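Asker: sharing a sequence plus its predicted fold:
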Amino acid sequence: MQPFSKSNLISSSELSAQDIEFLFAAARSFSKDGPAPLLKGKTVVNFFLEDSTRTRLSFEVATRRLEGQILGFSASQSSIKKGESFLDTAKNILALKPQAIVLRHSSAGSPALLAQELKIPIVNAGDGFHEHPTQGLLDAFSLLEKWGTLKGKRVVIIGDILHSRVARSNIHVLRKCGASVAVCGPPSLLPPRLEALGVDFAYLPEPLLQSADAVMTLRIQFERQNKMTIPSLSEYRRFWGMTRERAQLLKKGAIILHPGPVNRGVELDPEVADGPHSIILDQVTNGVLIRMAVLAAVIQPKALELTLKERGAFA
Ligand code: CP
């Protein structure tokens, strides 16, 4: 196995299959052998300029489990409200001498800009409709833990693909792990040039359901659209929602995922979200393991490698 090759995590498109394998080995070791004090004496800043429940809290839990300190940043209680710019705010955060910044921002490219301007590790926690790399990693890891391998598996992503950073990151990670991906959604919510992403697509779910080993449903990201691009939510549910009836078209044992937050009764019916094949809450639990792996890999790469070697998790 190769050690992690990056000093930041900006996008999953730039991760190699070896990088992903290393992060999964670290996450599995934290689950099986327990955490290690890899961030003792280190400070991580959760620089969130967009709302979040799962990502923000799991980076916080991940930092604490590795015995690091976490500093939370809330845009609504900050001097950004008095007109301070993004970069000035970031430079003031840097002056507090943290060892990494976890950034969520509504603009695609913000983490790359920060990585260029500040010479400390930057972890992208979601940038506009570009990428959400730790989500792609935790989703693929959750499936891997269920199946043992992703090779030859088929994952269908249904919903607002156009505005979804989660879809983009999942496509990159799943394909690098050997899975095939198909996407589906209303024509107004599918991006152009899907073939460049290496995925199949259909406008309606039915032709894709029988062959799916897992289905990920996505919410419609109204916060990234300035007009309604579907006729109504009830029509969305009727044609694209993972209803109980539509779930019955899936092969036996097919897994249901959702990155959250779920709009119950729109993209996913409650019976399916809470059903025996849903791993939605496993995704959240695994998110902590993946974020522990990512933070340790960018802040303490040598110590992480040594820990994994001592545990027999890195050969
Ligand atoms: N999946 C996800 O990014 O959820 P949050 O927006 O709650 O962090």
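Answerer: Arrived safely. Numbering: from 1, shown residues only.
Asker: report the secondary structure state of the closest residue to residue 199 other than its chain neighbours.
Answerer: Among residues not flanking residue 199 along the chain, residue 181 sits closest, at 4.6 Å (C-beta to C-beta, 6 or more residues apart in numbering). Yep, even glycine has a C-beta here, placed from its N, CA and C like the rest. Secondary structure, DSSP: H, G, I helix; E, B strand; the rest coil: residue 181 is strand.
Asker: quick one: residues contacting residue 181.
Answerer: 154, 155, 156, 157, 170, 171, 174, 175, 198, 199, 200 (C-beta atoms under 8 Å, 6 or more residues apart in numbering).
Asker: tell me what it is bridged to.
Answerer: Beta-bridge pairing for residue 181 (DSSP bridges): residue 155.
Asker: buried ones in stretch 57-68, by neighbour count?
Answerer: The neighbour-count check on stretch 57-68 (16 or more other C-beta atoms under 10 Å) flags 58, 59, 60, 61, 62, 63, 64, 65, 66, 68 as buried.
Asker: which of these fall within helices?
Answerer: 58, 59, 60, 61, 62, 63, 64, 65 (DSSP state H).
Asker: my understanding was that the second one contacts residue 45; is that so?
Answerer: No: with contacts counted by C-beta atoms under 8 Å, residue 59 stays clear of residue 45, the gap being 9.8 Å.
Asker: overlap in contacts, those two.
Answerer: Common contacts of residue 59 and residue 45 (C-beta under 8 Å, 6+ apart): 70, 102.
Asker: what about residue 117, distance to the ligand?
Answerer: According to C-beta to the nearest ligand atom, to the nearest Å, residue 117 stands 24 Å off from the ligand.
Asker: circling back: nearest to residue 186 among the buried residues of stretch 57-68?
Answerer: residue 58 (30.6 Å; C-beta to C-beta).
Asker: who are the neighbours in contact with the closest one?
Answerer: Contacts of residue 58 (C-beta under 8 Å, 6+ apart): 284, 287, 288, 291.
Asker: can you tell me the closest non-neighbouring residue to it?
Answerer: Closest residue in space to residue 58, ignoring its immediate chain neighbours: residue 287 at 4.3 Å, by C-beta to C-beta, 6+ apart.
Asker: same for the helix or strand the one you found falls within, what does it pack against?
Answerer: Here residue 287 sits within helix 280-299, counting by DSSP states H and E. Here helix 280-299 touches helix 17-33, helix 54-65, strand 100-105, strand 122-127, helix 133-147, strand 255-257, helix 301-310, going by 3 or more C-beta pairs under 8 Å, 6 or more residues apart in numbering; DSSP states H and E.
Asker: quick one: the strands in the stretch 151-300 of the chain, in order.
Answerer: Shown for the stretch 151-300 of the chain, the strands assigned by DSSP state E, counting those that start in this stretch span residues 154-158, 180-184, 200-202, 214-217, 255-257.
Asker: and of those strands, who's closest to residue 146?
Answerer: Using C-beta to C-beta, the nearest of those to residue 146 is strand 255-257, at 6.3 Å.
Asker: elements contacting that closest one?
Answerer: Going by 3+ C-beta pairs under 8 Å, 6+ apart, strand 255-257 lies up against helix 133-147, strand 214-217, helix 280-299.
Asker: quick one: closest of the ones you listed to the ligand.
Answerer: Ranking these by proximity to the ligand (C-beta to the nearest ligand atom) places helix 133-147 first, at 5.4 Å.
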